[in-house]
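>>> Only the shape, not the letters, is given here:
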């Protein structure tokens with residue numbers, strides 16, 4: 001018997017939306033990741049020169065600045081997304097990304113204007129971090145609300161595919177811009193970022209609002225006046241739903257805590273190890289990270305493809321089992337085998353089997369009320385990025401000083417524990433809704 005609620009192919013309008021949002025996500029993450037990956041070079045240009053330990057702290061600060069004020073961005077863009085619309089949010093965030101890239105392209109260095117350069121580059125990073133948060137969640141929610149399973153899972157996962165592709169392209173451009181044989185200036189990469197962000201802005205103006213959000217908003221606006229809305233919020237049904245949303249929001253936050261650890265360790269921390277212990281230059285670090293990103297990109301495509309055939313929570317559990325085994329043996333491998341190839345293997349493994357809920361994210365969104373969905377999802381995403389980025393980046397600097405490579409386990413073990421609790425919560429919700437396969 002065919003389930004009429006299933007969707008196995010896309011309409012023409014849905015394909016256009018998928019194309020526009022995927023391209024937009026690629027452009028947005030290309031701009032965001034330019035500085036993240038070029039930090040190995042740019043921190044030397046925009047921050048004062050110090051000893052290696054202090055330099056590691058400055059690198060951690062530069063990385064955290066991207067995520068520091070994301071919760072405020074979540075509140076701002078969550079409000080816009082839940083009250084004005086998903087389309088307006090993704091357009092505004094893309095414009096902000098273009099502006100911050102423009103400032104980066106013309107910004108004088110520390111040698112030219114001193115500490116002012118450090119503050120300005122930090123502000124640009126904060127703006128980029130806030131805008132990318134609204135864009136990514138907006139794109140995922142848009143696609144979740146215009147499609148149904150099983151096609152919904154690979155379609156929404158395409159945002160992850162194109163975000164990784166954006167990071168890979170940023171690494172490629174960064175590697176070329178810092179290659180002495182090619183002779184390009186690093187500012188060229190940011191001028192390119194300005195262009196791609198503007199293209200993304202223009203492309204997204206053709207999007208239509210999601211029918212699910214538009215219909216929900218229309219029902220509320222048409223049926224309820226302000227007095228009735230207040231009465232509704234005192235209704236036991238509304239109150240109980242709010243409590244359920246808050247519990248789901250907290251567990252969505254814990255579910256999101258794993259990815260920042262895996263990302264920072266793989267690209268930033270391992271990049272620092274390659275420089276300090278293996279004598280890699282900034283260009284060589286960027287080249288290795290580019291190869292790692294290519295492996296991550298291929299892996300994300302495979303996950304997206306198989307999610308059409310295999311129920312996504314089952315894929316997530318297999319990923320988690322492999323990740324736990326690799327995480328436990330990684331410190332031993334790094335201590336015993338002093339080789340950059342081991343670092344490469346560990347970088348790829350942490351990204352391929354990372355503690356993230358890809359390709360099952362649409363499942364989490366469906367269990368949050370439609371008129372709170374953008375705000376709550378954005379908050380969980382933003383706070384987890386901000387909180388875990390600070391803990392991981394600064395924590396690993398000190399943990400590595402006292403515990404060596406085993407310091408990563410101090411951060412990972414609690415993260416994996418709460419991640420397992422969160423997975424079980426969403427499994428339970430799916431079973432109660434009769435959706436678990």
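Structure received. Source: prediction; values computed, not measured.

>>> dump the residue contacts of the closest residue to residue 398 other than its chain neighbours.
Leaving aside its chain neighbours, residue 398 sits nearest to residue 407 (8.0 Å; criterion: C-beta to C-beta, 6 or more residues apart in numbering). Every residue, glycine included, has its C-beta placed from N, CA and C. Counting by C-beta atoms under 8 Å, 6 or more residues apart in numbering, residue 407 touches 395-396, 398-400.

>>> 10 Å - rerun?
269, 331, 395-401 (C-beta atoms under 10 Å, 6 or more residues apart in numbering).

>>> Quick check: of those residues, which lies closest to residue 360?
Nearest to residue 360, judged by C-beta to C-beta, of the contacts of residue 407 is residue 269 at 26.9 Å.

>>> longest single helix anywhere in this structure?
If you go by DSSP state H, the chain has its longest helix at helix 12-46.

>>> which residue ranges form the helices in the stretch 1-150 of the chain?
Assigned by DSSP state H, counting those that start in this stretch, the stretch 1-150 of the chain shows helices spanning 12-46, 52-64, 70-83, 86-106, 110-113, 115-146.

>>> before we move on, what about the stretch 301-437 of the chain?
Along the stretch 301-437 of the chain, the stretches classed as helices by DSSP H, counting those that start in this stretch are 312-336, 340-352, 361-366, 373-403, 407-432.

>>> deepest of those, which one?
Of all those, helix 361-366 has the most neighbours on average by mean count of other C-beta atoms under 10 Å, namely a mean of 23.

>>> Can you spell out which helices and strands pack onto that one?
Counting contacts by 3 or more C-beta pairs under 10 Å, 6 or more residues apart in numbering; DSSP states H and E, helix 361-366 packs against helix 115-146, helix 152-177, helix 236-256, helix 312-336, helix 373-403, helix 407-432.

>>> Could you point out which residue ranges in the stretch 151-300 of the chain have low pLDDT?
Where the stretch 151-300 of the chain drops to pLDDT under 70, the residues are 177-184, 200-201, 203-245.

>>> rewinding a little: would you mind giving the contacts of residue 407 as TSV with distance to residue 136 added?
Compiled in TSV, the contacts of residue 407 are given as follows (distance: C-beta to C-beta, whole Å):
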residue	distance to residue 136
269	23
331	31
395	25
396	24
397	27
398	30
399	29
400	30
401	33
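
>>> Can you say which of the helices of the stretch 1-150 of the chain is nearest to residue 388?
Per C-beta to C-beta, nearest to residue 388 of those: helix 52-64, 10.2 Å.

>>> quick revisit: hey, least reliable of the helices of the stretch 1-150 of the chain by pLDDT?
Lowest mean pLDDT of the helices of the stretch 1-150 of the chain: helix 52-64, a mean of 67.

>>> and residue 168, which of the helices of the stretch 1-150 of the chain is closest to it?
Distance to residue 168, taken as C-beta to C-beta, is lowest for helix 12-46 among those, at 8.6 Å.

>>> packing partners for that closest one?
Packing partners of helix 12-46 (3+ C-beta pairs under 10 Å, 6+ apart): helix 52-64, helix 86-106, helix 110-113, helix 115-146, helix 152-177, helix 187-204, helix 270-278, helix 282-306.

>>> got the ones you listed as JSON lines, with mean neighbour count columns?
Shown next, in JSON lines, are these (neighbours: other C-beta atoms under 10 Å):
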{"stretch": "helix 52-64", "mean neighbour count": "18"}
{"stretch": "helix 86-106", "mean neighbour count": "22"}
{"stretch": "helix 110-113", "mean neighbour count": "13"}
{"stretch": "helix 115-146", "mean neighbour count": "23"}
{"stretch": "helix 152-177", "mean neighbour count": "24"}
{"stretch": "helix 187-204", "mean neighbour count": "20"}
{"stretch": "helix 270-278", "mean neighbour count": "18"}
{"stretch": "helix 282-306", "mean neighbour count": "19"}
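
>>> could I get these as a markdown table with distance to residue 353?
Formatted as a markdown table, the helices and strands packed on helix 12-46 follow (distance: least, C-beta to C-beta, whole Å):
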| stretch | distance to residue 353 |
| --- | --- |
| helix 52-64 | 22 |
| helix 86-106 | 29 |
| helix 110-113 | 39 |
| helix 115-146 | 21 |
| helix 152-177 | 14 |
| helix 187-204 | 30 |
| helix 270-278 | 16 |
| helix 282-306 | 8 |
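
>>> Okay, residue 246 and residue 72: tell me how far apart.
From residue 246 across to residue 72, the span is 20 Å (C-beta to C-beta, to the nearest Å).

>>> And for residue 309?
40 Å.

>>> same thing with residue 320?
Distance, residue 320 to residue 72, by C-beta to C-beta: 31 Å.
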